[in-house]
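Asker: Sequence and predicted model, in that order:
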Protein chains: 2
Amino acid sequence: MEAIGVWVFQKEIIKLLLITGFLYLGMIHPLRQHIEEIIDLTDDEFEFVLSHFEPIKKRKHQYLVQEGEFVKKEYWILKGCVKSYFLDDNGKEHILRFAMEHWWITDYESFVKQTPSKIYIDCLENCELLYISFENRDKLTAQMHKMERFWSKKSKFGRIALQNRILSLLKNSAKERYDLLLEQYPKLFQRVPKKLIASYLGVSRETLSRLDS
Amino acid sequence: MEAIGVWVFQKEIIKLLLITGFLYLGMIHPLRQHIEEIIDLTDDEFEFVLSHFEPIKKRKHQYLVQEGEFVKKEYWILKGCVKSYFLDDNGKEHILRFAMEHWWITDYESFVKQTPSKIYIDCLENCELLYISFENRDKLTAQMHKMERFWSKKSKFGRIALQNRILSLLKNSAKERYDLLLEQYPKLFQRVPKKLIASYLGVSRETLSRLDS
DNA sequence: CTAAAATGGTGACATACGTCCTTACCCACA
DNA sequence: TGTGGGTAAGGACGTATGTCACCATTTTAG
């Protein structure tokens, strides 16, 4: 009995290692693939990068970030889907953005300025994540200029995406924004409730459900 | 007569040098002040940085960026005020942002991705600017890690500002957005026409003029 | 398995906002 | 001195969207 218990335990460990990518049998680690879309890495360099991350699992409805908290981690999603949002004075929820597999997420305002967070991030599904702490990110960028370039580029692209969202909020009608989102992220509509999509688009749930016509 | 002409010409040059900060008599160059809010520079380092910039003057209504153009410069405003905006399918103008003294401006999307610009930037007043070319910015960041840190930080703060604008577009009414803008940039209301403020806030000119009540 | 909660569609109604219009004002320039 | 362009205010009207209410399903949690 004892022996079987240990075996099951080991299997769980191996499974976890596989999922989080710390043991990849002949496959390229998804984080490496992701980073190499922008910069090239040797095996050793990737090992070094990865050693600054920790794996973590979260269940649906669990928080990654809560309002008032000092955010000290940036997350990279291996599996699952999360929402980042804030509550207005009436307690109404407004979606800032969603994030899915291979997206980065954190509260950058709190992360960069080291101020208490104004937002929440929580899991819409059970999630498997890698996170890097503020300190490790600093260390890594200081020791590895390539990674500073990587994050710098990511930051620039993130900024452009935000600008385009503002552009869309200013110029497009609710219906147009709906169509654009559906075109760009069709998967999203199968994974997250419509009322969250409505909140992301800045319209009421009722209005959204009347847009299809 | 000839001599006087030369003298007037020299005076103009000196004036230009003074204005653009290439000749600062015992004063700290405003660009240096600006950069040193984030990183420290020695005299030589600042000289080196400045040598990558060029001064330029633009009159009211002149363009810095036009739609369809490949943007190869980033501008820093010494004096004046500009708007960045785009035109929708109906030719309606939507203000992305304003920029005034000591602000950076360009079309980052075109600048970073090297794609044709979707936006216009033009002068609301006569402007005095410094610009840095794409190539010089690359050179400078490659040779001077400090400046890469500077721009990286700027980029992060820019991103946070954009996120907060989205936040505001989602949660605040037109009236609230108006009050917030008035509180944050009271100068703007003395310098730019109300119809542009309306466009920035995402409401019609008529609606804006009715908000005061 | 069942009860409770969340989701999603729709109707009735109120209202904020856009659109179109006229009027008035200021100021640069002929 | 007049004239035209840019700016701003406000009236009239239509429409898109929010709000509240109700109900039918589906999903979740105990």
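Answerer: Good, I have the coordinates. This is a predicted model, so every value here is computed, not measured.
Asker: Show me which residues of chain A are close to chain B?
Answerer: Residues of chain A lying close to chain B by CB under 8 Å from any CB of the partner chain are A:86, A:88, A:92, A:94, A:96, A:108-109, A:112-113, A:118, A:145, A:148, A:151-152, A:155-160, A:162-167, A:169-171, A:199, A:202. Quick note: C-beta positions are derived from backbone N, CA and C, even for glycine.
Asker: Please pick the buried ones from those.
Answerer: Among the residues of chain A next to chain B, the ones that count as buried by 16 or more other CB atoms under 10 Å in any protein chain shown are A:86, A:94, A:96, A:108-109, A:112, A:118, A:148, A:151-152, A:155-156, A:158-160, A:162-163, A:165-167, A:169-171, A:199, A:202.
Asker: Wait, residue A:208 touches residue A:193, no?
Answerer: No. Counting by CB atoms under 8 Å, residue A:208 does not reach residue A:193; the two are 10.7 Å apart.
Asker: where are the low-confidence patches of chain A?
Answerer: For chain A, the stretches with pLDDT under 70 are A:1-26, A:213.
Asker: before we move on, the earlier item: so which of the buried ones among the residues of chain A next to chain B sit within helices?
Answerer: Mapping those onto helices (DSSP state H) picks out A:108-109, A:112, A:148, A:151-152, A:155-156, A:158-160, A:162-163, A:165-167, A:169-171, A:199.
Asker: Within range of DNA strand C, give me the residues from chain A.
Answerer: Residues of chain A that fall close to DNA strand C, judged by CB under 7 Å from any atom of the strand: A:193, A:194, A:195, A:205, A:206, A:209, A:210.
Asker: so can I have a markdown table of the residues you listed showing neighbour count?
Answerer: Formatted as a markdown table, the residues of chain A next to DNA strand C follow (neighbours: other CB atoms under 10 Å in any protein chain shown):
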| residue | neighbour count |
| --- | --- |
| A:193 | 12 |
| A:194 | 11 |
| A:195 | 15 |
| A:205 | 14 |
| A:206 | 9 |
| A:209 | 12 |
| A:210 | 12 |
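Asker: Now narrow those residues to whatever sits close to DNA strand D.
Answerer: Among these, DNA strand D is touched by residue A:206 when using CB under 7 Å from any atom of the strand.
Asker: The residues of chain A next to DNA strand C in helices, which ones?
Answerer: Filtering the residues of chain A next to DNA strand C for helices - DSSP H - leaves A:194, A:195, A:205, A:206, A:209.
Asker: Closest residue of chain A to DNA strand D?
Answerer: Proximity of chain A to DNA strand D (CB to the nearest atom of the strand) peaks at residue A:207, 3.1 Å away.
Asker: Quick check: the closest residue to residue A:155 other than its chain neighbours vs residue A:108, distance?
Answerer: Nearest non-adjacent residue to residue A:155, counting by CB to CB, 6 or more residues apart in numbering or on different chains: residue B:155, 5.2 Å away. Look at residue B:155 and residue A:108: by CB to CB, to the nearest Å, they are 11 Å apart.
Asker: the helices in chain A, which residues?
Answerer: Using DSSP H, helices in chain A cover A:2-20, A:30-36, A:43-50, A:108-113, A:134-143, A:145-171, A:174-184, A:186-191, A:194-201, A:205-209.
Asker: Dump the ones you listed into TSV; add distance to residue B:139 as well.
Answerer: Putting those into TSV (distance: least, CB to CB, whole Å) gives the following:
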stretch	distance to residue B:139
helix A:2-20	40
helix A:30-36	25
helix A:43-50	25
helix A:108-113	26
helix A:134-143	21
helix A:145-171	15
helix A:174-184	36
helix A:186-191	41
helix A:194-201	40
helix A:205-209	49
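Asker: Pull the contacting residues for residue A:171.
Answerer: B:86, B:88, B:92, B:94 (CB atoms under 8 Å, 6 or more residues apart in numbering or on different chains).
Asker: what separates the first one from residue A:163, distance-wise?
Answerer: What that stands for is residue B:86. Here residue B:86 is placed at a distance of 10 Å from residue A:163 (CB to CB).
Asker: Run through the contacts of residue A:171 and flag the ones next to chain A.
Answerer: Counting by CB under 8 Å from any CB, B:86, B:88, B:92, B:94 from the contacts of residue A:171 sit close to chain A.
Asker: and those residues, which of them are in strands?
Answerer: Taking DSSP state E as the definition of strands, the ones next to chain A among the contacts of residue A:171 contribute B:86, B:94.
Asker: Please name the residues that touch the nearest residue to the residue of chain A closest to DNA strand D once chain neighbours are set aside.
Answerer: Nearest non-adjacent residue to residue A:207, counting by CB to CB, 6+ apart: residue A:174, 6.3 Å away. Residue A:174 sits next to A:201, A:202, A:203, A:207, A:208, A:211 when contact means CB under 8 Å, 6+ apart.
Asker: and the contacts of residue A:171, which two are the farthest apart?
Answerer: Spatially, the most separated pair among the contacts of residue A:171 is B:86 and B:92, at 9.6 Å (CB to CB).
Asker: and residue A:137, how many neighbours?
Answerer: By the criterion of other CB atoms under 10 Å in any protein chain shown, residue A:137 has 20 neighbours.
Asker: typo on my end, residue A:110
Answerer: Other residues lying near residue A:110 total 21 when counted by other CB under 10 Å.
Asker: Does it touch residue A:68 like I think?
Answerer: No. Assessed by CB under 8 Å, residue A:110 is found out of contact with residue A:68, at 9.7 Å.
Asker: any residues in contact with both of the two?
Answerer: A:116, A:117.
Asker: what does stretch A:136-145 rub up against?
Answerer: A:45, A:48, A:49, A:52, A:53, A:74, A:132, A:147, A:148, A:151, B:145.
Asker: repeat that with 6 Å
Answerer: Here stretch A:136-145 makes contact (CB atoms under 6 Å, 6 or more residues apart in numbering or on different chains) with A:52, A:147, A:148.
Asker: returning to that earlier point: what two of the ones in helices among the residues of chain A next to DNA strand C are the furthest from one another?
Answerer: The distance between the two most remote of those (CB to CB) is 10.5 Å, for A:194 and A:206.
Asker: returning to what we had before: give me the buried subset of the contacts of residue A:174.
Answerer: Using 16+ other CB under 10 Å, the buried ones in the contacts of residue A:174 are A:201, A:202, A:203, A:208, A:211.
Asker: Tell me both backbone torsions, phi and psi, for the last one.
Answerer: By that I understand residue A:211. With angles defined as degrees, to the nearest 10, residue A:211 sits at phi -80, psi -30.
Asker: closest to residue B:28 out of the helices of chain A?
Answerer: helix A:108-113 (26.1 Å).
Asker: now the closest one, how far from the chain's geometric center?
Answerer: A distance of 15 Å separates the centroid of the chain from that of helix A:108-113, by CA atoms, centre = their mean, to the nearest Å.
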